[in-house]
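Student: Need coordinates for the following:
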Amino acid sequence: MLTTRFVDGAPSWIDIGAPDLDGVRAFYGALFGWEFRPAGPEGGDYGFFRLDGRTVAGGARIRPDQGPPSWTVYFRTPDARATALAAEQAHGGVLLRPVDVMDEGRMALLADRAGVRFGLWQPGRTEGLEVTGAPGALCWAELYTPDIAAAAAFYHRVLGLETAAASFPDGTYTRVNPAEGGEDAAFGGFVPLAEDPTEAAAGAYWMPYFAVPDVDAVTGRAAELGGTVRLPATDIADVGRVARLADPYGARFAVLRPAPRRRG
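Tutor: Take a look at the predicted model:
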């Protein structure tokens with residue numbers, strides 16, 4: 001699971017872009033208890049979602065021509081410029097070249113070979129999110145992609161990520177981890193679109209998972225608040241109970257109550 005012991009290649013930030021930032025604030029505030037703090041005059045329409053005084057995500061108002069409402073996962077890098085160049089050389093794309101975010105760090109937006117958008121964060125004063133893994137915070141990330149092998153090769157070349165097949169009672173899952181820490185530092189997985197017609201229809205993308213103590217209650221609350229239940233609360237052996245949702249604006253995310261870790 002994700003932690004705030006940040007290492008290169010691992011997710012270190014997430015944010016959501018939507019045309020109605022007030023509506024997004026209301027939805028996630030009611031769902032997870034998040035509070036929104038504007039970044040201030042220099043931050044434009046950007047701001048920070050906080051939980052118990054710690055930052056769990058960012059958010060920004062976007063124009064319709066900037067794309068549909070969505071979550072973006074940012075990966076830590078020691079050199080955003082070099083990583084963006086590596087993405088181009090690996091047949092990906094650079095949507096926004098590295099830019100300084102005041103003295104907080106540098107960010108960039110890239111696309112992988114399948115066109116999936118993701119971000120880079122080169123830390124300055126800000127290392128990344130202030131809490132992960134706790135209820136209401138980011139705990140996992142999944143890439144839904146048409147080609148697992150191509151995705152594995154791309155993210156290995158660009159971010160140094162490693163993949164490994166994990167066996168579960170229901171099949172095999174491709175886990176992904178940064179080179180530092182090995183498989184014990186796994187933060188997410190790659191899922192083939194062909195295995196899931198619902199996701200195939202939505203297209204390839206990175207999806208953040210948020211930890212919750214009661215998946216069924218959160219799923220019901222999301223629907224009451226105008227969200228969409230894309231996968232009802234479901235038990236997955238050795239993983240936990242999960243549900244895939246979308247907020248009222250169409251941004252996709254999932255919630256997870258992790259299964260207890262086995263001992264011995």
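
Student: what's around L256, how many residues?
Tutor: Neighbour count of L256, defined by other Cβ atoms under 10 Å: 20. For the C-beta atoms, the positions are set from N, CA and C on the backbone; glycine is no exception.

Student: Is it located within a strand, as I assumed?
Tutor: Yes. According to DSSP: H, G, I helix; E, B strand; the rest coil, L256 belongs to a strand.

Student: Wait, it touches L138, no?
Tutor: No. The criterion here is Cβ atoms under 8 Å, and L256 misses it with L138 at 10.4 Å.

Student: can you list residues touching both of those two?
Tutor: Common neighbours of L256 and L138 (criterion: Cβ atoms under 8 Å, 6 or more residues apart in numbering): Y209, F210, A211.

Student: In strands, which of the residues you listed fall?
Tutor: Y209, F210, A211 (DSSP state E).

Student: Same question for stretch 193-212: list its buried residues.
Tutor: Neighbour-count burial for stretch 193-212 flags L193, E199, A202, A204, Y205, W206, M207, P208, Y209, F210, A211, V212 (criterion: 16 or more other Cβ atoms under 10 Å).

Student: Please read the previous query as pertaining to stretch 170-180.
Tutor: Neighbour-count burial for stretch 170-180 flags Y173, T174, R175, V176, N177, P178 (criterion: 16+ other Cβ under 10 Å).

Student: residues contacting M102?
Tutor: Counting by Cβ under 8 Å, 6+ apart, M102 makes contact with E42.

Student: tell me the phi and psi of it?
Tutor: The phi/psi pair for M102 (degrees, to the nearest 10) reads phi 50, psi -130.

Student: so how far is P213 from it?
Tutor: Here M102 is placed at a distance of 36 Å from P213 (Cβ to Cβ, to the nearest Å).

Student: how far does stretch 22-34 sit from the chain's center?
Tutor: Its chain's C-alpha centre and that of stretch 22-34 lie 17 Å apart, by Cα atoms, centre = their mean, to the nearest Å.

Student: Then stretch 55-68?
Tutor: Stretch 55-68 sits 14 Å away from the centroid of its parent chain (Cα atoms, centre = their mean).

Student: Stretch 120-138 too?
Tutor: A distance of 11 Å separates the centroid of the chain from that of stretch 120-138, by Cα atoms, centre = their mean.

Student: Let's see that stretch as PDB, backbone CA atoms only.
Tutor: Presented in PDB, the C-alpha positions along stretch 120-138 are these (Å, rounded to 0.1, in the frame of the first residue of the first chain):
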ATOM      1  CA  LEU A 120       5.100  14.100 -12.600                       C
ATOM      2  CA  TRP A 121       6.100  15.700  -9.400                       C
ATOM      3  CA  GLN A 122       9.700  16.800  -8.700                       C
ATOM      4  CA  PRO A 123       9.600  17.800  -5.000                       C
ATOM      5  CA  GLY A 124      10.900  21.200  -3.800                       C
ATOM      6  CA  ARG A 125       9.500  22.400  -0.500                       C
ATOM      7  CA  THR A 126       6.500  20.000  -0.900                       C
ATOM      8  CA  GLU A 127       7.300  16.300  -0.800                       C
ATOM      9  CA  GLY A 128       3.800  15.200  -1.700                       C
ATOM     10  CA  LEU A 129       0.600  14.300   0.000                       C
ATOM     11  CA  GLU A 130       0.600  14.600   3.800                       C
ATOM     12  CA  VAL A 131      -1.400  11.400   4.400                       C
ATOM     13  CA  THR A 132      -2.000   8.100   2.500                       C
ATOM     14  CA  GLY A 133      -3.400   4.800   3.500                       C
ATOM     15  CA  ALA A 134      -5.700   6.200   6.200                       C
ATOM     16  CA  PRO A 135      -9.500   6.300   5.900                       C
ATOM     17  CA  GLY A 136     -10.400   8.900   3.300                       C
ATOM     18  CA  ALA A 137      -6.900   9.000   1.800                       C
ATOM     19  CA  LEU A 138      -5.200   7.500  -1.300                       C
END
